[in-house]
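1. next input, structure requested:
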Amino acid sequence: MRTVSHAGIYPHPPILILEVGGAESAKVAVTAEAVSEMADRVKESGAETIVLITPHGPVFHDAVALLSVNTLEGSLARFGAPGVRVAYQNDLQLLAAIEFEADRAGIRTVLLDERGAAAYGVSAALDHGALVPLYFFAKKGVLLPLVHLTFGHLTPHQLFAFGQAVQRALLRLKRRAAVVASGDLSHRLSKDAPAGFSAAGEEFDQEVIRLLERFDPQSILSIDERLLAEAGECGYRSIVICLGILDGQSVQPEIISYEAPFGVGYLVADLTPKGTEEQKEREVESELVRLARDTLETFVRHREIIEPVVDSSLLVQQAGVFVSLKINGRLRGCIGTIAPAQANLAAEIIENTISAGFYDPRFPPVAAEELPLIEYSVDVLSPSEPISGPHELDPKKYGVIVEKGGRKGLLLPDLDGVDTVERQLSIALEKAGIMPQENYQISRFLVTRYY
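-> Alright, predicted model coming up:
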């Protein structure tokens, strides 16, 4: 399933907000309008949670900071607008999953509740890097659960790996997220800029925009460290984590706006993955595929066999089942039964899923790092029926079984590259070790395929 329903780069100057900037806010009207449009997109995206990456929360040298208070809240009082206040419920379940996946990836995290923040001498309140985009979200009625994280001074590749860990956490929970990469680009674009002028500022901003437009994450990760330091930016690491969360997904970036009226680069960009119609149809997993996914993930991680939900209708059905695993469209395992071998359909799926992941002789056992990449399909077979010859076959509609003595070969229907009856029979005979000239029996069966 796609776990990112929206992703974007959001600038965070408090002057975007009228209560802070007053008349000066008109100078960033283009950016404010773009952020407001992005808030509309979040509202329409179907997101169930927000993952917000900010440069202005607690920053550690060797760890990513995650706020773990129950309610994430704050105001722009330090910018003269105490009435601008937002409060969001913390998505503590997702927070725990992120901590777990980051730990497995060897990336340290620090969870900060109010007591922990006080011990480190930092604040557990929302910083302005979070407050500014959330202000626009709240105005649009977007009040989803929130995870707030602040990057550490890790390498770009470590931050990218952390983003991949967030992606795995979302997959683990089957949670659809809006990802907010909060950050401004160079702060050195003019003589009156906050950090003074440097020609590296414009070079950095244009390079980031160019690489985003062609969506080249690896080149973004390789931007020269000296250019980063000279540009005086605060958004690069947020973007890198966001790219890690988007790893492996099809993204067609849209630059919504860019301006720099105060010598600071304000970029608004939409990086939402663009799935195919087929992918969109598969985003809502069937109960059968959900059972297969839960089975394999539990067995890989804990070597435990799950118990199916007691009120599931799968407990009162019986059928032969094939479970297929793919990664990037390539087969990663497929095992099945022609007729029911277990007490019910749920048990059949559980048994064949574990076999497909661990005991398909064509592949090594599935590793934990592969789990987020696996696409599942479950084929439920109807009882087979003998037929008089190939003229009663249709490779798109019917699966085929060929038998001779104790030799038997089966091929599922509607397989890539199997477009003719001749091809279907040839593969099934080869699997059975039956020569085409032998006198063999043909049966056919129907399949209901679940994604």
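2. for the closest residue to Ala63 other than its chain neighbours, give me its contacts.
-> The shortest distance from Ala63 to any non-neighbouring residue, by CB to CB, 6 or more residues apart in numbering, is to Arg108 (4.0 Å). C-betas here are computed from N, CA, C, even on glycine. Neighbouring residues of Arg108 by CB atoms under 8 Å, 6 or more residues apart in numbering: Asp62, Ala63, Val64, Ala102, Gly152.
3. tell me the phi and psi of Arg108?
-> phi -80, psi 140 (degrees, to the nearest 10).
4. wait, which of the contacts of Arg108 is closest to Thr3?
-> Ala102 (16.1 Å; CB to CB).
5. how far away is the closest one from Leu72?
-> Computed as CB to CB, to the nearest Å, the Ala102 to Leu72 distance reads 19 Å.
6. and Thr54, by the same measure?
-> Thr54 is 11 Å from Leu72, by CB to CB.
7. anything in contact with each of these two?
-> Ala130, His148.
8. more neighbours, these two?
-> Between Thr54 and Leu72, counted using other CB atoms under 10 Å, Thr54 has the larger neighbour count: 29 against 24.
9. which residues does that one contact?
-> His12, Asp127, Gly129, Ala130, His148, Leu149, Thr150, Ser182, Gly183, Ser238 are the contacts of Thr54 under CB under 8 Å, 6+ apart.
10. again with Leu446
-> Leu381, Ser382, Lys397, Tyr398, Gly399, Pro413.
11. can you put those residues in a markdown table and add distance to Phe160 and neighbour count?
-> Below are the contacts of Leu446 laid out as a markdown table (distance: CB to CB, whole Å; neighbours: other CB atoms under 10 Å):
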| residue | distance to Phe160 | neighbour count |
| --- | --- | --- |
| Leu381 | 43 | 22 |
| Ser382 | 47 | 14 |
| Lys397 | 45 | 11 |
| Tyr398 | 46 | 23 |
| Gly399 | 43 | 26 |
| Pro413 | 41 | 20 |
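12. is it correct that Leu126 falls within a strand?
-> No. Counting by DSSP: H, G, I helix; E, B strand; the rest coil, one finds Leu126 to be coil, located in no strand.
13. nearest spatial neighbour of it, skipping sequence neighbours?
-> Gly74 is the one closest to Leu126 (CB to CB, 6+ apart), at 3.2 Å.
14. ok, that neighbour - how many residues close by?
-> Neighbours around Gly74, by other CB under 10 Å: 21.
15. confirm it sits in a helix?
-> No. Under three-state DSSP, Gly74 sits outside any helix and is assigned strand.
16. returning to what we had before: and of the contacts of Arg108, the nearest to Leu429?
-> Within the contacts of Arg108, the smallest distance to Leu429 is 50.3 Å, found for Ala102 (CB to CB).
17. ok, now how distant is the closest one from Pro156?
-> Distance from Ala102 to Pro156, by CB to CB: 16 Å.
18. most neighbours out of the contacts of Arg108, which is it?
-> Val64 (27 neighbours).
19. if that one is in a bridge, with which residues?
-> Note on Val64: beta-bridge partners Thr109, judged by DSSP bridges.
20. quick check: it touching Ala161?
-> No. In this structure, Val64 is not within contact of Ala161 by CB atoms under 8 Å, at 10.7 Å.
21. shared neighbours of those two, anything?
-> Ile107.
22. pLDDT score for the residue nearest to Leu126?
-> pLDDT for Gly74: 97.
23. roughly how far apart are it and Ala87?
-> Plainly put, Gly74 is 8 Å away from Ala87 if you go by CB to CB.
24. again, but for Leu314
-> Taking CB to CB, one finds Leu314 at 42 Å from Ala87.
25. higher neighbour count, the two?
-> Per other CB under 10 Å, whichever of Leu314 and Ala87 has more neighbours is Leu314, with 20 against 14.
26. for the stretch 201-350 of the chain, what spans make up the helices?
-> 217-221, 225-231, 236-245, 277-282, 287-302, 345-358 (DSSP state H, counting those that start in this stretch).
27. so which of those helices is nearest Phe137?
-> In terms of CB to CB, the element of the helices of the stretch 201-350 of the chain nearest to Phe137 is helix 236-245, at 16.5 Å.
28. in what helix or strand does Asp62 lie?
-> Using DSSP states H and E, Asp62 sits within no helix or strand.
29. what is the burial count for Ala229?
-> Ala229 sits with 12 neighbouring residues when counted by other CB under 10 Å.
30. what about Ala165, distance to Tyr120?
-> Taken as CB to CB, the span from Ala165 to Tyr120 is 22 Å.
31. can you check Ala339 too?
-> According to CB to CB, Ala339 and Tyr120 sit 62 Å apart.
32. try Asp416
-> From Asp416 over to Tyr120 (counting by CB to CB), the distance is 54 Å.
33. with Val51 instead?
-> 22 Å.
34. of those two, which one has the most company?
-> Higher neighbour count among Val51 and Tyr120: Val51, with 29 against 13, using other CB under 10 Å.
35. need the contact list for the more buried one.
-> Shown in contact with Val51 (CB under 8 Å, 6+ apart): Leu94, Val147, Leu149, Val166, Leu170, Ala177, Ala178, Val179, Val180, Ile245.
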